[in-house]
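Colleague: What follows is a predicted protein model with its sequence.
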Protein chains: 4
Amino acid sequence: MSEVDSADMGPWLSPDDFAFVSRKVPLVYVDVVPVRTDEHGAVVAIGMMLNATKNGIMRAFPSGRVLYHERVRDALYRHIEKDLGPMALPQMPHTVTPFTVGEYFPTPSAAWYDERHHAVSLAFIVPMQGECNPGSDSLEFTWFTPAEAATAALQCELSEAHASLLRQALAHLGHC
Amino acid sequence: MSEVDSADMGPWLSPDDFAFVSRKVPLVYVDVVPVRTDEHGAVVAIGMMLNATKNGIMRAFPSGRVLYHERVRDALYRHIEKDLGPMALPQMPHTVTPFTVGEYFPTPSAAWYDERHHAVSLAFIVPMQGECNPGSDSLEFTWFTPAEAATAALQCELSEAHASLLRQALAHLGHC
Amino acid sequence: MSEVDSADMGPWLSPDDFAFVSRKVPLVYVDVVPVRTDEHGAVVAIGMMLNATKNGIMRAFPSGRVLYHERVRDALYRHIEKDLGPMALPQMPHTVTPFTVGEYFPTPSAAWYDERHHAVSLAFIVPMQGECNPGSDSLEFTWFTPAEAATAALQCELSEAHASLLRQALAHLGHC
Amino acid sequence: MSEVDSADMGPWLSPDDFAFVSRKVPLVYVDVVPVRTDEHGAVVAIGMMLNATKNGIMRAFPSGRVLYHERVRDALYRHIEKDLGPMALPQMPHTVTPFTVGEYFPTPSAAWYDERHHAVSLAFIVPMQGECNPGSDSLEFTWFTPAEAATAALQCELSEAHASLLRQALAHLGHC
């Protein structure tokens, strides 16, 4: 999950309100695993951003919260556009049933740890047909083969949560 | 969705805080479609509660929000126990990936309308092996055959949202 | 399911061999529900073929068997191309896990009846980005809105099996 | 997949007919990953058989084909009973939509290799509530924790196909 940027809260929620809410209820999130597929739908690459965070340079998947009054599929589209640019041309899922659900807890021992909040995240694998250009929050966006994505070396560059998300996506795609 | 009862908020969130949060972010909910299955897993009955609400007597499925710091599966279990009693003996799902996701909006034109809040709900079909005894919020709990559940007459007794949830569950179970 | 055409069996299985096999084991099939989606992935139309069969003029979804040594995703692609033409530009699923499984039995009382054989069918909802031009086995290919597709009048023009498949697809897409 | 035993073919298909069919079409299979769950549905153990095969002693999951005229859920129940005994008390899935689909090919380079035939397998994770006693084809049945099941050492004792199935099941259950 990328840091919540000001655009995310600006017109919708002040930092104080957001901080208050984040301590009261779990937030609704979406996580996106961008992929490239061949003509028959088989996945040939998995994409990740490279972000500068206060914990150092990390790879991450597009991610963010669903706003009040926003449909899940609109939030999904918004975060893809924000993180991968307007030319990503995502093949949006025709159902909002996720391939997996992630639970982020602000508790160090939790498998999916996020110091900022408790979030329940709907995760989607989304084929991109266009060019992914990372937004201003990212240093770069890189495609990896499924074999590269399966290596511990690459997974170490993700948060624990997103490394788990990646392994679940690879398994769901039959690459394990 | 049943009315949020005081036990739901009591130790966790004051009514004022809950009202505030409900106007700021979507809430995370779970919805449960209780079923009875035969020895081979085929569904033979679908269960619903009969509740007195300010909109009159309505049927409904067990439903409620996920609390701060609560795992989805724990919320699911808690709401089943609260609404169907401690002897329901649910066969809890082994994954928290829902069979469908419902989106409740406080907007009258929305398909899944809920005047109280915006909620994103993870819906699960849960076989019950024991006796379902409705909690203090319900007048009764009744099993219906899939054929009865498919009738418009019965679906009229549910909210629009839960009638849609029922139809999605019937379709998912192959009864359509 | 369209009639098994000679091209389906030609190089692969003689009519005699196919008839023999069809009485011995269930066949592996794929069923395709073609859809059009908007930019955010919401389904705006569902497509069906109009075929002349020995039971009269019927609507149907692309469908057919998986050949020996053929991958499911290759069979899916082949049947889409055969039934909807080379310009259909399907957004192929990135996983071969179907949204539902249909069971066709050569027994009149069965819900999914097919006089020809017992088949277990993996069903997929597939967005089409191009132009669908029916193959030589079809009279036409038509798009319907989800609301039109939900009518009994239209569903009567499908086989019992494909009418059930359509209702399951509509439910899965949240249109019910 | 266990060897096809005589009971599997006896009344239904002669060895010659089965051999013929196996060279002509893909077979429909079911694969079962037996699990134990806690009260809230979280998986605490995964079970495997230990079988003597012509390739040596191997671990395996219950598996087998769907017979002509047999429903998928009946085949699933039959194979569980055959391989795990009548006291296994499986919590049968309420839908026949599998959590994943496996494709076995009689081609050495295939990921899911099976020298005997091409099979398309519907895979299910099935909680067992009773005692699993392996049938006459197995030496023993053993429960492993998810952590044990995730080790390469244990996965080496499975066929490539079932090791992949296990990793997919672990991922689906959130254990990865």
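Modeller: Nice, thanks for sending it over.
Colleague: Give me the pLDDT for residue A:161.
Modeller: Residue A:161 is assigned 94 on the pLDDT scale.
Colleague: Could you find the closest non-adjacent residue to it?
Modeller: residue A:112 (4.0 Å; CB to CB, 6 or more residues apart in numbering or on different chains). Using the backbone N, CA and C atoms, a C-beta is placed for each residue, glycine as well.
Colleague: got the contact list for that neighbour?
Modeller: Residue A:112 is in contact with A:102, A:103, A:104, A:105, A:160, A:161, A:164, counting by CB atoms under 8 Å, 6 or more residues apart in numbering or on different chains.
Colleague: filter those residues to the buried ones?
Modeller: Neighbour-count burial (16 or more other CB atoms under 10 Å in any protein chain shown) is assigned, among the contacts of residue A:112, to A:102, A:103, A:104, A:105, A:161, A:164.
Colleague: Can you name the two of these that sit furthest apart?
Modeller: Using CB to CB, the pair of the buried ones among the contacts of residue A:112 lying farthest apart is A:105 and A:164, separated by 13.0 Å.
Colleague: check whether stretch A:162-170 contacts chain B.
Modeller: No - using CB under 8 Å from any CB of the partner chain, stretch A:162-170 stays clear of chain B, coming no nearer than 9.9 Å.
Colleague: is it possible to export the contacts of residue A:112 to CSV including distance to residue D:125?
Modeller: Output for those, formatted as CSV (distance: CB to CB, whole Å):
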residue, distance to residue D:125
A:102, 19
A:103, 19
A:104, 24
A:105, 24
A:160, 24
A:161, 23
A:164, 18
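Colleague: Would you mind checking which of those is nearest to residue B:88?
Modeller: Comparing those against residue B:88 with CB to CB places residue A:103 closest, at 24.0 Å.
Colleague: and that closest one, how far is that from residue D:174?
Modeller: Distance of residue A:103 to residue D:174, given as CB to CB, to the nearest Å: 9 Å.
Colleague: for residue A:123, same thing?
Modeller: For residue A:123, the distance to residue D:174 (CB to CB) stands at 11 Å.
Colleague: can you list residues touching both of those two?
Modeller: A:100, A:168.
Colleague: Residue ranges in chain A under the pLDDT threshold?
Modeller: Residue ranges of chain A with pLDDT under 70: A:1-11, A:110.
Colleague: Strands along that one, start to end?
Modeller: Assigned by DSSP state E, chain A shows strands spanning A:27-37, A:43-53, A:56-60, A:63-65, A:100-104, A:119-127, A:138-144.
Colleague: Let me have these in TSV, adding distance to residue B:18 as columns.
Modeller: Below are the strands of chain A laid out as TSV (distance: least, CB to CB, whole Å):
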stretch	distance to residue B:18
strand A:27-37	15
strand A:43-53	33
strand A:56-60	32
strand A:63-65	19
strand A:100-104	21
strand A:119-127	18
strand A:138-144	36
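Colleague: For residue D:47, which of the ones you listed is the nearest?
Modeller: Going by CB to CB, the one of the strands of chain A nearest residue D:47 is strand A:100-104, 23.1 Å.
Colleague: Is there proximity between the closest one and chain B?
Modeller: Yes - residues of strand A:100-104 are located near chain B by CB under 8 Å from any CB, namely A:100, A:101, A:103.
Colleague: so what sits against both of residue A:103 and residue D:174?
Modeller: Common contacts of residue A:103 and residue D:174, defined by CB under 8 Å, 6+ apart, comprise residue B:96.
Colleague: what's near enough to touch residue A:74?
Modeller: Taking CB under 8 Å, 6+ apart, we find residue A:74 in contact with residue C:40.
Colleague: Against chain B, how distant is it?
Modeller: 10 Å (CB to the nearest CB, to the nearest Å).
Colleague: Kindly report the same for residue A:105.
Modeller: Per CB to the nearest CB, residue A:105 is found 7 Å from chain B.
Colleague: again, but for residue A:29
Modeller: 10 Å.
Colleague: what pairs with the nearest residue to residue A:160 once chain neighbours are set aside across the strands?
Modeller: Distance criterion CB to CB, 6+ apart; nearest residue to residue A:160, sequence neighbours excluded, is residue A:113 at 6.1 Å. Taking DSSP bridges as the rule, residue A:113 bridges to residue A:105.
Colleague: What count of nearby residues applies to residue A:50?
Modeller: For residue A:50, the neighbour count with other CB atoms under 10 Å in any protein chain shown is 15.
Colleague: Repeat that for residue A:168.
Modeller: Residues near residue A:168, counting by other CB under 10 Å, number 26.
Colleague: contacting residues for it?
Modeller: Taking CB under 8 Å, 6+ apart, one finds A:99, A:100, A:123, D:171, D:172, D:174, D:176 in contact with residue A:168.
Colleague: restrict the residues you listed to contacts with chain C.
Modeller: For chain C, the contacts drawn from the contacts of residue A:168 by CB under 8 Å from any CB are residue A:99.
Colleague: Buried ones among the contacts of residue A:168?
Modeller: If we count by 16+ other CB under 10 Å, these have these buried: A:99, A:100, A:123, D:171, D:172, D:174, D:176.
Colleague: Would you check how far apart the fifth one and chain B are?
Modeller: This points to residue D:172. From residue D:172 to chain B the distance is 6 Å (CB to the nearest CB).
Colleague: if I read this right, that residue contacts residue A:169, doesn't it?
Modeller: No - using CB atoms under 8 Å, residue D:172 is not in contact with residue A:169; the gap is 11.4 Å.
Colleague: Please name the nearest non-neighbouring residue to residue A:67.
Modeller: Here the residue nearest residue A:67, using CB to CB, 6+ apart, is residue A:12, at 5.5 Å.
Colleague: residues from chain A in reach of chain D?
Modeller: Checking chain A against chain D by CB under 8 Å from any CB, the hits are A:100, A:111, A:164, A:167, A:168, A:170, A:171, A:172, A:174, A:176.
Colleague: Which of the residues you listed fall in helices?
Modeller: Cross-referencing those against helices under DSSP state H gives A:164, A:167, A:168, A:170, A:171, A:172.
Colleague: from these, which two are the most distant?
Modeller: Put simply, by CB to CB the two of these set farthest apart are A:164 and A:172, 12.5 Å from each other.
Colleague: Now for the residue lying closest to residue A:26 once chain neighbours are set aside: which residues touch it?
Modeller: Distance criterion CB to CB, 6+ apart; nearest residue to residue A:26, sequence neighbours excluded, is residue A:118 at 4.3 Å. Counting by CB under 8 Å, 6+ apart, residue A:118 touches A:22, A:25, A:26, A:27, A:103, A:104, A:105, A:106, B:68, B:69.
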